[in-house]
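>>> Structure for this input, please:
(chains A, B and C)
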Amino acid sequence: MTEFRDLGPIDCDLHPPTPRMAELLPYLDPHWREVMLSRGIDGLELASYPPGSPLSARPEWRGPGGRPGGDLALIQREVLDRWGTRRAILNCLHGSMAMFSEDMAAALARAVNDWIASEWLDRDARLAASILVAARSPELAVAEIERRAEDARFVQVLLLAGSELPLGRRGHWPIYAAAERFSLPVGIHAGSAFHQPMTSVGWPSYVVEDYVSQATGFQHQLLSLIGEGVFTRFPRLKVVLIESGVTWLPGFLWRANKEWRALRPEVPWVDRSPIEIVREHVRLTLQPFDSPPDASALAAVIGQLGSDDLLLFSSDFPHWQWDGEDILPKALPEVLRSRIALDNPRQTYPRLGVRLGKECVS
Amino acid sequence: MTRHVVAPSAEIAPGSRKLVNVAGRSIGIFNLGGEFFALLNRCPHQGGSLCLGEQVGLVLSEEPGQYCYSRPREMLRCPWHGWEFDIRTGQSWCDPKRMRTKSYPVTVEPGEALVKGPYQADIFPVSIEADYVVIDL
Amino acid sequence: MSGAVLERSRTDAARLGMVDCDIHPMLRSERALFPYLARRWRDELETFGLRTRNPFVGSFAFPKATPALSRRDSWPPAGGPPGSDLSFMRAQYLDPYGIETGILQTLIPSGKDQRNPAFGAALCAALNDWQIAEWTEPEPRLKAAITIPAEDAEASVAEIERSAPKSDFVSIFLTTRTAEPLGRKRYWPIFAAAERTGLALGIHTGGSNGLPMTPGGWPSFYFEEHMANAFAMQPLLASLVLEGVFEAFPKLRVVLIEGGFAWAPALAWRLDKHWARMRPEVPHVRHPPSFYIRRQVWFATQPVEEPPDRADLRTLIDWIGWERLVFASDYPHWDMDDPQRAFKLALSDGETQAVFRDNARLAYRLP
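Okay, the predicted model is just below:
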């Protein structure tokens, strides 16, 4: 069996530390710099990931003061060098995605994107990143996508699973049009702007409860994207569900298929079954993989996904999703390992421009 | 294959339907603008009485927000789960190859021709003055 | 359809003694409740009507797929809405399918969801008396569930204690969408009363709490809402486990109704995985979440998920445990499951008896 690291995997989800305001100030224009300082605005880590929570960082993946993710050297040592990572996509979980003020959100998203480019992408050629946008304002979001699109190291548009409006709603479509135009998948990441309760039964009490409920949140958003006809309107669009847990997908699709057969006339633009739509348009990052306890059940779940194209390798660094060297779910079939590591990410993220030599083709 | 005379054609006006029992089978006869179709009255999904379902049009769409309505009353929605079936073929809209109800050939024949036989008409006498709906099964 | 279960004679079905955990009775009209309401609440009903967190007087916020959300063939010939005529229910459903026990779930109208809490409590009590007088007394095959004004625990406990002595009640009825996640302490007196009376807690998909249906707000279509409604089972179950409800009430029996069940294994795996990592946050949850689910939760089958490869359904039930599923039809609603044809899977006699009879007898402590 090929060592996983020898495949030169593409890591589709890892997190730099969330920048503090002092780090962003050089990337803000004078007005917004003054606003941040005079109003004392800081601490914009997303509350979906409390920094001290075990889930937010493995103990050895914390920097000074316990800061999740540490610095570039830590990422290089613990992920990029260790796993032979060919390319890695940084998803910066910054509060600009949850800001109510559209203008402040856009200013911060722009600053974070510039910070990522200068402090990370310029310093290690293996790194790529998602574009943060002000999701409440499709107009400003599109402007930021257009500004960033020239830089091929930005390979995706990032949105949160806990959004203000269901992500399929037509108001978001300018974002999807821009993403499609620039061959940028739309990445939907776990976490919430907390503009709505994370669940339809209210606000969970615990961090673990909140995190568990993210998987249900993904189900809602995927259903919205399907039902509103986003993939009919944007036939080349790819959506990546990041940190979704994965194993809920087969059961979701069985139900969705049954539902579609009954209620299709209400949404006649949904002209294929949800199973077909998801196979063509939706991808999921690997970690966390909510594994069944035994290998045969795991094989069965993988089979139920019904396609080898869906999963994208991710370390989810620094989130504590796996221990030791167990970066892949145990008993993953050999053929799937290389698809997950390379082929699927390469096809999902064309802007990475990864071409494979013969030795890498599975 | 046996020919069954199931009704005088005048009894099933355009746009209407009639449920008949033929050789132990419940079958729906539909008149779509003068053309007759016969479907087994049983949904292949969970066995609902398909031919009692609502007759609706077919709505399709090129893009979200657009509703292209056509073929009024030519689709049958199962009275249980609402799955749509094409009255002309018995095929479901969502899975036409695998999910379909049995469709039978139907003809309209003058009584004059029918009195010669062979045919089965258990319920009523055939008159040479009228036309009749005949299905083969 | 080949491989369908229970393609047997009616005699066999009768011998099996099938238990259906979800049958919906319906009022002929709101006035049918008058005999069970005090004058003050009759006036309330006539003057102001039913008021929930729903924008319309006479429609659901998301208009349903069919009139009265029911099968089109379930309208009683003698008049009245689907589910309102006992003799037609017998003729169309109970008799031909050989239902030995049918458990009523009185979904509409909802006392729990009334904006006027005192009226909601009165409505619950009236619905409970109506169920006994008009359904379970004339038809011994039917059993009932006590509707409660769940947001007011004190009033709920009073109603449980008033109604529980009537032996036709085998359950306490709740809907999924409560004002707060159901595991919260404000609801614990209800769980204590359930334990004390030995009644199962049946939690049915639905209800309204005014909260958006998704973590991204309100969807657009019934196509979404119908499924999204059932997704509420997932955070609900997570809440019950993680708040320690099963730890505090080890004898509580919970039946989750009309959520399907394909979601359950993945949720249990997810809960176990993240509970293990986050135990310091929930030290009161001493066992892995799946332990409590297997001990105290049953899943009513409808709507049965229909995987393209039917073998996947068997795998799925193996994961959940054949002892955890109880059959439910949802008669007369449009998305109901036919007892004889819903499972696209050949079941052994033992599996059939478990899912269609024995598990429910255990979950509801039926005689």
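
>>> shaky segments in the stretch 201-350 of chain C?
Across the stretch 201-350 of chain C, nothing is flagged by pLDDT under 70.

>>> For chain B, which residues are neighbours of chain C?
Chain B comes close to chain C at residues B:44, B:46, B:47, B:48, B:49, B:52, B:53, B:54, B:79, B:80, B:81, B:82, as judged by C-beta under 8 Å from any C-beta of the partner chain. From N, CA and C alone the C-beta is placed, and that goes for glycine too.

>>> Could you dump these into TSV with neighbour count and secondary structure added?
Rendered in TSV, the data for the residues of chain B next to chain C read as follows (neighbours: other C-beta atoms under 10 Å in any protein chain shown; DSSP: H, G, I helix; E, B strand; the rest coil):
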residue	neighbour count	secondary structure
B:44	21	coil
B:46	22	coil
B:47	17	coil
B:48	24	coil
B:49	18	coil
B:52	17	helix
B:53	24	coil
B:54	14	strand
B:79	21	coil
B:80	29	coil
B:81	25	coil
B:82	23	coil
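
>>> just those now: which is nearest residue A:205?
residue B:81 (37.8 Å; C-beta to C-beta).

>>> ok, that closest one touching residue A:261?
Yes: here residue B:81 reaches residue A:261: they are 7.3 Å apart, a contact under C-beta atoms under 8 Å.

>>> Give the residues shared as contacts by these two.
Listed as contacting both residue B:81 and residue A:261 by C-beta atoms under 8 Å, 6 or more residues apart in numbering or on different chains are residue B:45.

>>> any idea how far residue A:322 is from whatever residue of the stretch 251-367 of chain C ends up closest to chain A?
As assessed by C-beta to the nearest C-beta, chain A sits closest to residue C:262 within the stretch 251-367 of chain C, at 3.0 Å. Going from residue C:262 to residue A:322 by C-beta to C-beta, to the nearest Å gives 26 Å.

>>> Between the two, tell me which one has more neighbours.
Neighbour count, other C-beta atoms under 10 Å in any protein chain shown: between residue C:262 and residue A:322, residue C:262 has more, with 27 against 19.

>>> Then that one would be within a strand, right?
No: if the criterion is DSSP: H, G, I helix; E, B strand; the rest coil, then residue C:262 is coil and not within a strand.

>>> and the closest residue to it other than its chain neighbours, what helix or strand is that in?
Counting by C-beta to C-beta, 6 or more residues apart in numbering or on different chains, residue C:262 lies nearest to residue A:251, which is 3.0 Å off, once chain neighbours are set aside. According to DSSP states H and E, residue A:251 maps onto helix A:249-263.

>>> count of neighbours near residue B:131?
Neighbour count for residue B:131, taken as other C-beta under 10 Å: 16.

>>> Residue B:10 is in contact with that one, correct?
Yes: applying C-beta under 8 Å as the test, residue B:131 and residue B:10 come out as touching, 7.3 Å apart.

>>> before we move on, the earlier item: and the gap between the residue nearest to residue C:262 and residue C:315?
Residue A:251 sits at a distance of 11 Å from residue C:315 (criterion: C-beta to C-beta).

>>> More neighbours: the two, which one.
The neighbour count for residue A:251 versus residue C:315, taken as other C-beta under 10 Å, is higher for residue A:251 (24 against 18).

>>> and the stretch 151-300 of chain A, which residues reach chain B?
By C-beta under 8 Å from any C-beta, the residues of the stretch 151-300 of chain A that approach chain B are A:170, A:228-230, A:232-233, A:260-265, A:268-269, A:271, A:273.

>>> residue contacts, residue 60?
With no chain named, the answer covers chain A. Residues near residue A:60 by C-beta under 8 Å, 6+ apart: residue A:78.

>>> actually chain B
Taking C-beta under 8 Å, 6+ apart, one finds A:268, A:271, B:68, B:70 in contact with residue B:60.

>>> Determine the three-state secondary structure at the last one.
Using three-state DSSP as the criterion, the local structure at residue B:70 reads strand.

>>> residues touching it, list them.
Going by C-beta under 8 Å, 6+ apart, residue B:70 touches B:57, B:58, B:59, B:60.

>>> Okay, now the sheet partners of the helix or strand hosting the second one, with direction.
Using DSSP H and E, residue B:58 sits in strand B:54-60. Using DSSP bridges, the neighbouring strands of strand B:54-60 in the sheet come out as strand B:68-77 (antiparallel).

>>> how far out from the middle of the chain is the strand it pairs with?
Relative to its chain's centre, strand B:68-77 lies at 14 Å (C-alpha atoms, centre = their mean, to the nearest Å).

>>> do the same with stretch A:325-345
The answer for stretch A:325-345 is 18 Å, by C-alpha atoms, centre = their mean.

>>> And that stretch, what's buried?
Neighbour-count burial for stretch A:325-345 flags A:327-329, A:332, A:336-345 (criterion: 16 or more other C-beta atoms under 10 Å in any protein chain shown).

>>> cool, stretch C:193-203 as well?
If you call a residue buried by 16+ other C-beta under 10 Å, then stretch C:193-203 has these buried ones: C:193, C:194, C:195, C:197, C:199, C:200, C:201, C:202, C:203.
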